[in-house]
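J.: Okay, predicted coordinates and the sequence, questions at the end:
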Amino acid sequence: MNNNLIYSINGPVVTVKDSKDFSMQEMVFVGNKEMMGEVIGIDEQYTTIQVYESTTGLKPGEPVRPSGSLLSATLGPGILKNIFDGIERPLKELMETEGAFIAAGTTVSPLDEEKLWDVTMQVKLHDRLRPGQIYATCPETELIEHRCMLSPMLPEGEVIFVAENGQFHINDEIVRIRDDQGEEHALTLTQKWPIRNPRPVGYRKPITRPLITGQRVIDTLFPIAKGGAAAIPGGFGSGKTMTQHQLAKWCDADIIVYVGCGERGNEMTQVLEEFTDLIDPKSNKPLLARTVLIANTSNMPVAAREASIYTGITLAEYYRDMGYHVAIMADSTSRWAEALREISGRLEEMPAEEGFPAYLPSRISQFYERAGYIETLNGAEGSVTIIGAVSPQGADFSEPVTQNTKRFVRCFWALDKSLAYARHYPAINWNDSYSEYLDDLARWYDKNVDHEFNALRQEIQAILHEENQLMEIVKLIGSDVLPEDQKLTMEIAKVIRVGYLQQNAYHPADTYVPFEKQFKMLKIISYLNAQAKKLVARRIPVSLIAKTGIIDKVVKIKYDVPNDQLELLDGYFEMIDQALAQVE
Amino acid sequence: MSVQLMGLNEINGSLVALDNVEDVSNEEMVEIELTDGSVRSGRVVQIEGRRAIIQVFEGTTGLSKINNKTRLLGHPMELAVSQEILGRIFNGAGEPIDGLGEVYAEKRLDINGQPLNPVARKYPRNYINTGISAIDGLNTLIRGQKLPIFSGSGMPHDKLAVQIVRQAQLAEGDGKNFGIVFGAMGVKNDVADYFKRSFEETGVMEKVVMFINLSNDPIIERTLTPRCALTAAEYLAFEKNMHILVILTDMTSYCEALREVSSSKGEIPGRKGYPGYLYSDLASLYERAGIVEGVEGSVTQIPILTMPNDDITHPIPDLTGYITEGQIVLDRSLHQTGIYPPIGVLASLSRLMKDGIGEGYTRKDHADVSNQLFACYAKVQDARSLASVIGEDELSDMDKKYMAFGRLFEKVFVGQGFDSKRSINETLDLGWALLSTLPIEALDRLDPEVIKGNYDPKRAARMLNLSGQE
C-alpha cells in the first residue's frame, strides 16, 4: 500500500510510479487530503490519475489509495430535489460543513444517511428476485415513488429475509437474497453503479411518442420523441440556457435531470430558486419535486466537469429503470468536450481537430446513445431523452463538437444570433433546424391531436420556406414590387413568425401552450391564409386586408386567449370572415 | 521552512528546472536570491519526481545555473489583505508601489481563491443605476453580475468604464459601502494614469484599490494581476460587507500573457495558439463575481477586452461571452459617427436583466419597452441594408419611418454623452417617446393595455424636440 506514492503533478493530472495496484477507471483517493481521482492510464512505469479537485498544495510522495471499485454513483432515495457536483457530492451538505466556498478533499455521503424513509416491501419470503425487479418502494417526493430494484450487477436469487414495512435509513438492510451459488447478498435502499457504463435494459422499443414541451416551434415544427436525442447549438446570447430551462420546466417527462456542465454559477442558483417556486401545472406540486440538479460550474475542477455528464446520465437511467420517462438536459456538452481536450492535452496525447482528442466523436456517440425508449428488465416502460446544448466557438457550426454531435442526434435546434438580436425567442432558426422524428411521430399526432395536424404543419413549413426565398428578392429590391399573392405569403409568414413561432417565456399565457391551442392557432392562421387568398385572387390588395386589423388580431392570439379559455379560439374564424367581408 | 537549494538545472524562457527538490508542493511559491543580492519570486508549476519546474515572475534574465539560491516558501501565492488596502496602489503581484510601505496584513489569502458553491450563491437581482440609457434601459447591470465591455483599439471603453464608476457611485446614496478594485493588465502608462486621475477627480480614490501591471512589466506577473485584484475584492465584499465593482482591463493582454507562458511550457495549443484550458482559466476569474447568501457585500465585474481586429468570434471575446452574464459591445461605426457611448445595442446583452427589472426594481413597463425597442431597432437594420441597395428614397413608407426611428434612437437614446446621467424614469420615458414616433401597428411585442397608457406621438414630438436641443 505504501508503495503507491505520487511521483509527478501537472495540473489535475498526477502519476504514480511502479505500481501494480490500480486498474483502469478505478476510483482512487489522492494525497493526504484523500481527494477523489480516477485512473485514466497505466503504462509500464506510470499509472496516470486525473484528480477531481484542485491539486494546489499537493506534494510528490503523498499516498494514493485504491478504492477497488470503478468511479460510481450512489443511487437511492434522496436524489430528487437535491443538487450535486460532478462527482455526486451534495452541495447543500458541503455548504453546511465547509461554508460558502468549496475546499478540496471534502468527503460527504451523496445521500442523506440520517433520513428515514417510509418503505413498503414488494417481495415476500422465498420469492425469486431477478435483476431489475423491484423489491421495495418508498415515496421519495410529493410526486415520485422511489422503487428499489435488484442491481443488474447482482445475480438472481431467493429472498431469505424481508423486513416489515416501516421506516428505514438508506443503508439499513431490508432484504437478503441467496443466489444459486449459495452466496448471500444484503440489499439496502441504495445501490452503486459505475457511471461510465450504460445500465442494461430489457430491449429497446421503437420511438412512437413525442416529448411534449409546450413550446410551439418545437412541438409543431421540430418535435423531439421520448427516448430521442436533440442538440441545441448556438453562440453565446442566443438563448441556449433559456431554452433548456423552458424545456426543463414544461416538458411532460416524469423526472428531469439538469446538468450544468461548466456553466455559470448564478444560472444554477437561478434554476434552484425558480424550480422551488414554480408549480407544475399538471400535478400542482413544486417542479423541484421531480428534478435533480448537477452543477459543475465553470470554475469548479475540470476533471469533475468531465465526469458530471456521466453522473447525470447514470441517474437518468436509474429512474428510467424504475419505469419513468426521464429527460436529461446537459448544458453544455461543449464544456464537457473542452474538459476532455484539457485533460488530453495534459496527457500529451496526439490532438486531432482544433486540439480535441481523436476519440471525441466516439465519446459523444457513447453519451447520446444512452438515450432510448426501452422496456426495463422488469417489463415496465421507461425512456431517457437527452437534450444537449452545444456552444460552438465563435457561433461557427462547422467546429468539431457541433459537427460530431450532429451525427449522433436526430433532432437539431439551431439557434440563430440574428433572431436573438431581434429578441425573437426561442431563437430556433426554422430553416437550419430539423427533426428526423417527424415520421416516427406522425401517427401519434394523427391519433392524439388531430388528423389535420400533419398537413397543417406542412403548409406552415411551406409558407416559411417560400418566405425565405422571397426574402432574397426583397433584400435586393424591396417588398413593394412583389405581386400581391407573394405579398400575402410574406404577410402570413410574418404572422407565423411573430404570432406563432415566437413565444414569450415570461407571459403567463404563453410560456406553456397545450397542443389543443397550438393546433387551433395553426388552423386559424391557415384559415386566414385561405380566405385572404380568395380576396387576393379577386385583385384586392393585401394592404386593404391588413387595414382591417385582423392580421394583428391573429398575431396576438397567443396573448389574448388564456390556456383555460380555449373555447375563445373558435370565435376567430367568424372574426376573420367578418373582417374580410368589410373589404369586399 | 527554509531549505535553500544552490543553482538551477535548466533555464528556458521564464521557466527554470530544479533537481533534487524535496518536500515541494504543487503551486508553491519560491524565492530565488541572486548572488548580487536581488530576489526574484516564482511558482512551482509542475513536479516530476524530485524535479520541479518553476515559473519566475520577473523573468530569467541574468540567471545562470550557479549564481543563485532558491528557497521554498511552503505556501501558495498569497495576498496580504486588510481594510487598509483601500486607497493603495499595488503592482501586478500584489506588492505596494505607491511608496507607502507594506500593508499591515489582517490575513493572507490564497490568490487562486476557491470555487463558490452554487448553493451558497444568492441570485443577483438589484440593479445598478449607471445613468446610461443604453445600459440601464436595454442591458441593465445587476449587482453581482459580470458584464464585460467588448471593445476595440481606439474606442472609448476606458471613458465608459470611468463614467459607470462615477455615476454608479453616486447612485449609492452616501456611497459608504461602495468600493472599486481596479486591475490593469498590460495597459499603457497613459491608460493607468487616466484611470488614476479620473478616480481622483471623482473623489473616490480612497475607495479604490489598484493593481497595476503595465505593458512592459513581466508577463508572469500579468497572469497574477486579476487574481490579486479579485482576492482583494472578495475580501472587501464578503468579509467587510462592501459592494465592490471590479474593473479588469485589458483581458486580451492577460490572455496573451497566458498564451506566452503556456507555449514556453511546451503545452499543446488549442485554438489560435491559446492553451486548451483558456476557458477554465477565464472562468476561474469571471466566476468570482457574485453575492453570497447571508453576506451583505457583492462583487460586480466589468472586465474590458479589446477584440483583436474587432472580431467577436476571436477566442478571447468568444470564451468570455460564454462565461459572463452578457456583454456590452462597442460599435466602431457608431463611434465614427461621433456617438458616445457607442454601444452597439443589438449585440449587447445582459442576462441577469430579466430578473432585476420591472415592478419593485425599476418600473413595471421596463421589460416591454426594452423588448419593443430591440425589435424595432432590429428592423432598422433590415431597412438600412435594403436602403444601401436601392437607396433610401425607394423604401416603403414603413421602412422610411424605421430609418428615421433608427437615427433618433442612436442620436438621442444611445448617444447621450459623457456628462449626461439619466434616471431610469427618464430613460424609459425616452424609450416610449421614440416608440411613439412609429405607427402603432409597429409595436408588435406589446400588450394593447400597455400601449394604451404610454403611446403618445404628441408628447413624443415635444420630448424629442426638447432632447434634440440639449
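T.: Sure, I can see it. Numbering: from 1, shown residues only, chains lettered A, B, ... in the order given.

J.: which residue ranges form the strands in the stretch 251-400 of chain B?
T.: B:298-306, B:326-329, B:349-350 (DSSP state E, counting those that start in this stretch).

J.: How about the contacts made by the residue in chain B sticking out farthest from the centre?
T.: Distance from the C-alpha centroid of chain B peaks at B:E394, with 43.6 Å (CA atoms, centre = their mean). B:E394 makes contacts with A:G478, as judged by CB atoms under 8 Å, 6 or more residues apart in numbering or on different chains. Placement of C-beta: from N, CA and C, glycine included.

J.: Show the pLDDT at B:M1.
T.: As predicted, B:M1 sits at a pLDDT of 46.

J.: One more: A:D277?
T.: For A:D277, pLDDT reads 84.

J.: gap between it and chain B?
T.: Between A:D277 and chain B the distance is 11 Å, computed by CB to the nearest CB, to the nearest Å.

J.: do you know how far that residue is from A:Q246?
T.: 16 Å (CB to CB, to the nearest Å).

J.: With adjacent residues omitted, what lies nearest to B:Y194?
T.: B:D158 (6.0 Å; CB to CB, 6 or more residues apart in numbering or on different chains).

J.: Let's verify that neighbour: helix, strand, or coil?
T.: Judged by DSSP: H, G, I helix; E, B strand; the rest coil, the three-state class of B:D158 is helix.

J.: ok, then the element right after the host helix or strand of A:Q458?
T.: Here A:Q458 is covered by helix A:453-477, with elements defined by DSSP states H and E. Downstream of helix A:453-477, the next assigned helix or strand under DSSP H and E is helix A:484-494.

J.: Tell me which other helices or strands whichever helix or strand comes after that next one touches.
T.: Of the helices and strands lying after helix A:484-494 in sequence (DSSP H and E), the nearest is helix A:515-537. Packing partners of helix A:515-537 (3 or more CB pairs under 8 Å, 6 or more residues apart in numbering or on different chains; DSSP states H and E): helix A:453-477, helix A:484-494, helix A:542-547, helix A:550-555, helix A:557-560, helix A:571-583.

J.: Report the distance from the third one to the chain centre.
T.: I take that to be helix A:542-547. 44 Å (CA atoms, centre = their mean, to the nearest Å).

J.: try the first one
T.: Relative to its chain's centre, helix A:453-477 lies at 31 Å (CA atoms, centre = their mean).

J.: try the second one
T.: Distance, stretch centre to chain centre, for helix A:484-494: 37 Å (CA atoms, centre = their mean).

J.: Check what pLDDT B:R51 gets.
T.: We have a pLDDT of 91 for B:R51.

J.: Chain neighbours aside, what residue packs nearest to it?
T.: The nearest residue in space to B:R51 (CB to CB, 6+ apart) is B:D19, at 5.2 Å.

J.: re the thing from before, could you count how many residues lie near the residue nearest to B:Y194?
T.: 20 (other CB atoms under 10 Å in any protein chain shown).

J.: ok, B:K65 - contacts?
T.: Taking CB under 8 Å, 6+ apart, we find B:K65 in contact with B:7-9, B:11.

J.: Tell me the one of those nearest chain A?
T.: Lowest distance from chain A to the contacts of B:K65 (CB to the nearest CB) belongs to B:N9, with 15.9 Å.

J.: pretty sure the closest one contacts B:L18?
T.: Yes: counting by CB atoms under 8 Å, B:L18 is a contact partner of B:N9 at 6.1 Å.

J.: Now for those two: what residues contact both?
T.: Residues touching both B:N9 and B:L18 (CB under 8 Å, 6+ apart): B:R51.

J.: For those two, indicate the residue with more neighbours.
T.: B:L18 (22 against 13).

J.: Wait, B:E392 touches B:Y402, no?
T.: No: between B:E392 and B:Y402 there is no contact under CB under 8 Å: 10.9 Å.

J.: The two - which one has more neighbours?
T.: B:Y402 (27 against 13).

J.: which residues touch the more buried one?
T.: B:376, B:379-380, B:382-383, B:438, B:442.

J.: Number of residues surrounding the closest residue to B:S215 other than its chain neighbours?
T.: Counting by CB to CB, 6+ apart, B:S215 lies nearest to B:G186, which is 4.6 Å off, once chain neighbours are set aside. Applying other CB under 10 Å, we find 23 residues neighbouring B:G186.

J.: Quick check: which ranges of chain B have low pLDDT?
T.: Applying pLDDT under 70 to chain B picks out residues B:1-3, B:169-176, B:466-470.

J.: go again using 80 as the cut-off
T.: B:1-4, B:59, B:169-176, B:265-266, B:270, B:444-445, B:447, B:465-470 (pLDDT under 80).

J.: Please apply the same query to the stretch 201-350 of chain A.
T.: Using pLDDT under 80, the stretch 201-350 of chain A drops low at A:237, A:280-283, A:346.

J.: need the residues of it near chain B, please.
T.: Taking CB under 8 Å from any CB of the partner chain, the part of the stretch 201-350 of chain A that reaches chain B is made up of A:235-237, A:260, A:262, A:264-266, A:268-270, A:272-273, A:295, A:297-302, A:335, A:338-339, A:341-342, A:344-345, A:348.

J.: elements contacting the longest strand along chain A?
T.: Ranked by residue count and defined by DSSP state E, the top strand of chain A is strand A:381-390. Counting contacts by 3+ CB pairs under 8 Å, 6+ apart, strand A:381-390 is packed against strand A:229-233, helix A:240-250, helix A:302-321, strand A:325-331, helix A:333-346, helix A:360-368, strand A:372-375, helix A:400-408.

J.: and for the fourth one, what are the contacting residues?
T.: Meaning strand A:325-331. The contact list for strand A:325-331 (CB under 8 Å, 6+ apart) reads A:211, A:226, A:240-241, A:244, A:247-248, A:251-261, A:263, A:309, A:312-313, A:316-317, A:319-320, A:336, A:382-389.

J.: If any of those residues are buried, give me the PyMOL selection for them.
T.: Only the buried members of the contacts of strand A:325-331 enter the following PyMOL selection, criterion being 16 or more other CB atoms under 10 Å in any protein chain shown:
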select buried, chain A and resi 211+226+240+241+244+247+248+251+253+254+255+256+257+258+259+260+261+263+309+312+313+316+317+319+320+336+382+383+384+385+386+387+388+389
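
J.: mind listing what B:D98 touches?
T.: So B:D98 contacts B:88-89 (CB under 8 Å, 6+ apart).

J.: now do A:F275
T.: A:248-249, A:286-288, A:291, A:293.

J.: Give me the buried entries from those residues.
T.: By 16+ other CB under 10 Å, those give A:248-249, A:286-288, A:291, A:293 as buried.

J.: Was I right to think A:L476 contacts A:L482?
T.: No: judged on CB under 8 Å, A:L476 makes no contact with A:L482 at a distance of 11.5 Å.

J.: between these two, who's got more neighbours?
T.: Shown here are A:L476 and A:L482; by other CB under 10 Å, A:L482 has more neighbours (17 against 11).

J.: and the gap between the more buried one and B:I390?
T.: For A:L482, the distance to B:I390 - CB to CB - is 14 Å.

J.: A:L419 too?
T.: Applying CB to CB to A:L419 and B:I390 gives a distance of 25 Å.

J.: Settle it for me: which of those two has more neighbours?
T.: More crowded of A:L419 and B:I390, by other CB under 10 Å: A:L419, with 22 against 16.

J.: Excluding residues flanking it in the chain, which one is nearest that one?
T.: A:A427 (3.9 Å).

J.: so how far is A:A395 from the one you found?
T.: Distance from A:A427 to A:A395, counting by CB to CB: 11 Å.

J.: list the residues that contact both of these two?
T.: Taking CB under 8 Å, 6+ apart as the contact rule, A:A427 and A:A395 both touch A:234, A:238, A:417.

J.: Which residue would be the closest one in the stretch 151-300 of chain B to chain A?
T.: B:A283 (3.2 Å).

J.: No further questions, thank you.
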